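Colleague: how would this look folded up:
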Amino acid sequence: MLYIITILFINKEVIRPVKVFNYFASETKSNEDNDESNNFEIKLAEIKKVNDLISDHLKKTKYNPDIRSLFDSLLMLSERLSNELNTAKIFKINRNEFLGNVAHELRTPIFAIQLSIETLIDGAINDEKVNLDFLNRALRQASRLKELVDDLITISKFETGLRMSKRYFDISDFSKIVINELKSLAENKKINLLVEDNLNDETQVFGDSERIKQVFVNLIDNAIKYTPENGTVKIVLTDNEKNVNIDIVDSGIGIPKKDIPRIFERFYRVDKNRSRDKGGSGLGLSIVKHILEVHNSSIKVESDENQGTKFSFNLQK
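Modeller: Residues are numbered from 1 along each chain as shown. Here you go, the predicted model:
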């Protein structure tokens with residue numbers, strides 16, 4: 001008789017909650033790739049019901065240690081499933097938004113190239129007054145498309161665990177070479193590109209020089225783009241005890257305070273129309289953030305509208 005009572009008790013108080021838990025877990029898994037049925041809010045509510053059911057059993061009933069241990073395990077699994085579902089929800093939203101942005105960013109230069117070529121085919125190719133203009137338009141958009149694809153590949157590499165080739169290198173010589181490469185870009189906009197080097201002789205930092213170059217280029221290029229003619233972009237290198245601090249300061253248009261927390265998001269643009277006119281992929285600052293994180297660093301921003309912006313980061317010695 002005791003055996004039968006025990007079986008009935010286990011069936012009611014243990015097996016039933018387990019079946020309920022398994023049902024919701026399997027339903028969530030079977031539908032995780034189905035966009036129509038994968039309603040995250042409903043699933044999270046269902047998981048919460050399971051959590052509450054198990055918690056109620058633990059509060060209302062005195063179980064022996066083995067059964068209580070089983071319920072504790074069920075509760076832990078249920079909470080874990082809820083957390084994973086929350087993560088999946090966030091990933092799905094970010095993934096869909098990212099793919100939508102990629103499609104939009106690719107479509108814009110492709111359409112512009114197509115339009116220029118069609119105009120040339122329709123007869124503009126024979127008009128010496130305009131044919132070169134349309135060819136240059138197509139070339140600019142092709143360059144923009146290449147930049148976007150290159151940046152997408154870089155982002156993809158970071159997502160899959162990009163390997164860094166770190167070594168010690170002279171940061172003074174390195175910065176002079178990078179700045180010299182960007183000098184013509186600044187001169188074309190009549191912008192003063194200055195360097196303030198406060199380092200000791202042959203100060204070395206540890207990192208992947210190619211990726212650090214990408215950080216310098218992206219930040220300085222941005223500063224030049226958003227600084228009006230006759231403005232100034234200054235790179236300041238300061239030697240600290242354990243690292244070198246780099247400031248990139250411009251006298252440009254600045255960034256509104258409300259936008260600063262989001263400027264490192266992929267494809268985020270402070271002013272979409274203005275930003276696209278300036279070119280770029282919309283991924284540059286996101287790449288900067290990724291590279292610095294891999295170098296155990298971070299980037300800080302100070303900005304005032306119509307007064308300028310300062311980006312700061314450090315590199316370990």
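
Colleague: Enumerate every residue touching residue 304.
Modeller: Applying CB atoms under 8 Å, 6 or more residues apart in numbering, we find residue 304 in contact with residue 254. The C-beta positions use only the backbone N, C-alpha and C, and glycine is treated the same way.

Colleague: Run a quick neighbour tally on residue 165.
Modeller: The number of residues packed near residue 165 is 9, by other CB atoms under 10 Å.

Colleague: so it makes contact with residue 210?
Modeller: Yes: Residue 165 lies in contact with residue 210 (CB atoms under 8 Å); the separation is 7.3 Å.

Colleague: what's the pLDDT at residue 240?
Modeller: pLDDT, residue 240: 87.

Colleague: Phi, psi for it please.
Modeller: Main-chain torsions, residue 240, degrees, to the nearest 10: phi -110, psi 180.

Colleague: hang on, isn't it packed against residue 314?
Modeller: Yes: between residue 240 and residue 314 there is a contact under CB under 8 Å: 7.2 Å.

Colleague: between these two, which one's more packed in?
Modeller: Neighbours were counted for residue 240 and for residue 314 using other CB under 10 Å; residue 314 has more, 21 against 9.

Colleague: list the contacts for the closest residue to the more buried one other than its chain neighbours?
Modeller: Closest residue to residue 314 apart from its sequence neighbours, by CB to CB, 6 or more residues apart in numbering: residue 243 at 4.3 Å. Residues counted as contacts of residue 243 (CB under 8 Å, 6+ apart) are 205, 314, 315, 316, 317.

Colleague: do the same with residue 179
Modeller: 193, 195, 216, 220, 235.

Colleague: Arrange those in JSON lines, one row each, with pLDDT as further columns.
Modeller: Compiled in JSON lines, the contacts of residue 179 are given as follows (pLDDT from 0 to 100):
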{"residue": "193", "pLDDT": "93"}
{"residue": "195", "pLDDT": "91"}
{"residue": "216", "pLDDT": "95"}
{"residue": "220", "pLDDT": "94"}
{"residue": "235", "pLDDT": "95"}
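
Colleague: List just the nearest of these to residue 111.
Modeller: Of all those, residue 220 has the smallest distance to residue 111: 29.8 Å, by CB to CB.

Colleague: Where does the nearest residue to residue 307 once chain neighbours are set aside sit: helix, strand or coil?
Modeller: Sequence neighbours aside, residue 254 is the residue nearest to residue 307 in space, at 5.5 Å (criterion: CB to CB, 6+ apart). Under DSSP: H, G, I helix; E, B strand; the rest coil, residue 254 falls in the coil class.

Colleague: picking that back up, and the residue nearest to residue 314, how far is that from residue 150?
Modeller: Distance of residue 243 to residue 150, given as CB to CB, to the nearest Å: 29 Å.

Colleague: just residue 165 next, same as before
Modeller: Residue 165 is 18 Å from residue 150, by CB to CB.

Colleague: same check, this time on residue 248
Modeller: As defined by CB to CB, residue 248 lies at a distance of 21 Å from residue 150.
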